[in-house]
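Trainee: test case, fold it:
(4 chains)
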2 protein chains.
Amino acid sequence: MAPLREDSEADAALAAAAKALSHPVRVRILRMLAQREAKMCSHIVDEIPLAQSTVSEHLRILRQAGLIRANECGPRVSYCIEPAALAHLKSLMEAL
Amino acid sequence: MAPLREDSEADAALAAAAKALSHPVRVRILRMLAQREAKMCSHIVDEIPLAQSTVSEHLRILRQAGLIRANECGPRVSYCIEPAALAHLKSLMEAL
DNA sequence: ATTAGATATCGTTAATCGACGATGAACGAT
DNA sequence: ATCGTTCATCGTCGATTAACGATATCTAAT
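Mentor: Now for the predicted structure:
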């Protein structure tokens, strides 16, 4: 029942998460969100010297990796950490 | 004395390490090296279905990121984990 | 000196990434 | 109904990545 190479899924999962963290701006965003509970997208854009569309793209990557979650409140969107995903990533790293 | 954005270096360091881990083959290589003490390059090539030059390139990336070390023994090269770098990476991850 | 084996490096190609401006969709306020 | 704000998506462009085969280097052995 076990796959031929039992670690290959964990390899892919860790690589995918690492890829999401492989850009300094995304690490910075994650750190921002880890400190305070949640942040409006516009607030994040204000603190990062990049175009709004670029920041939005980084947020999309973090979101698709499952590391952050978006909460829509009217026209605004607030982002927060997804604690379970972050914990999972940390455990994958520890297992190395 | 502290820089304006005190975390930017840690951001860059974590992003760089994550980038080195952002490919499943590199995760797999790191896992192989973490299990046994060291492995010959040829042994790694044998276990991975990619061209020798491609595996060598992945090894170079891991080496330049400081995560592994190469020991030349005659015409052979054996690779092993760089424990301090791995520990540093883990602590950067934990700090998230 | 030649050969064989083991690696690293080079050059190329297709694919992916990072950044941007422009546009579009959703919503609240006027 | 229109407007302004907020955010996501699209199209584009240059830069980077991943993979390969071919080639160069280095050493041990013959």
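Trainee: list the contacts of stretch A:50-70.
Mentor: Stretch A:50-70 has contacts (Cβ atoms under 8 Å, 6 or more residues apart in numbering or on different chains) with A:16-17, A:19-21, A:23, A:25-26, A:29-30, A:33, A:41, A:44-45, A:48, A:77-82, A:85-86, A:89. For every residue, glycine as well, the C-beta is placed using N, CA and C.
Trainee: now that stretch: buried residues?
Mentor: A:55, A:58-59, A:61-62, A:65-69 (16 or more other Cβ atoms under 10 Å in any protein chain shown).
Trainee: right, and the helix or strand after the helix or strand hosting residue A:10?
Mentor: In this structure, residue A:10 sits in helix A:8-20 according to DSSP states H and E. Downstream of helix A:8-20, the next assigned helix or strand under DSSP H and E is helix A:24-35.
Trainee: what subset of the contacts of stretch A:50-70 is buried?
Mentor: A:16-17, A:19-21, A:23, A:25-26, A:29-30, A:33, A:41, A:44-45, A:48, A:77-79, A:81-82, A:85-86, A:89.
Trainee: tell me which parts of chain A are close to chain B?
Mentor: Within chain A, the residues that sit near chain B (Cβ under 8 Å from any Cβ of the partner chain) are A:7-8, A:11-12, A:14-15, A:18-19, A:21-24, A:26-28, A:30-31, A:34, A:86, A:89-90, A:93-94, A:96.
Trainee: could you turn the buried ones of the residues you listed into a ChimeraX selection?
Mentor: Command for ChimeraX that selects the buried part of the residues of chain A next to chain B, burial taken from 16+ other Cβ under 10 Å:
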select /A:11,14,15,18,19,21,22,23,24,26,27,28,30,31,86,89,93,96
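Trainee: of all the buried residues of stretch A:50-70, which comes closest to residue B:73?
Mentor: Closest approach to residue B:73 among the buried residues of stretch A:50-70 (Cβ to Cβ): residue A:65, at 39.9 Å.
Trainee: correct me if wrong, but residue A:60 is in a strand.
Mentor: No. Counting by DSSP: H, G, I helix; E, B strand; the rest coil, residue A:60 is not part of a strand but helix.
Trainee: so which elements touch the worst-scoring helix or strand of chain A on mean pLDDT?
Mentor: Lowest by mean pLDDT, DSSP states H and E among the helices and strands of chain A is strand A:38-40, with a mean of 88. Secondary-structure packing of strand A:38-40 (3 or more Cβ pairs under 8 Å, 6 or more residues apart in numbering or on different chains; DSSP states H and E): strand A:76-81.
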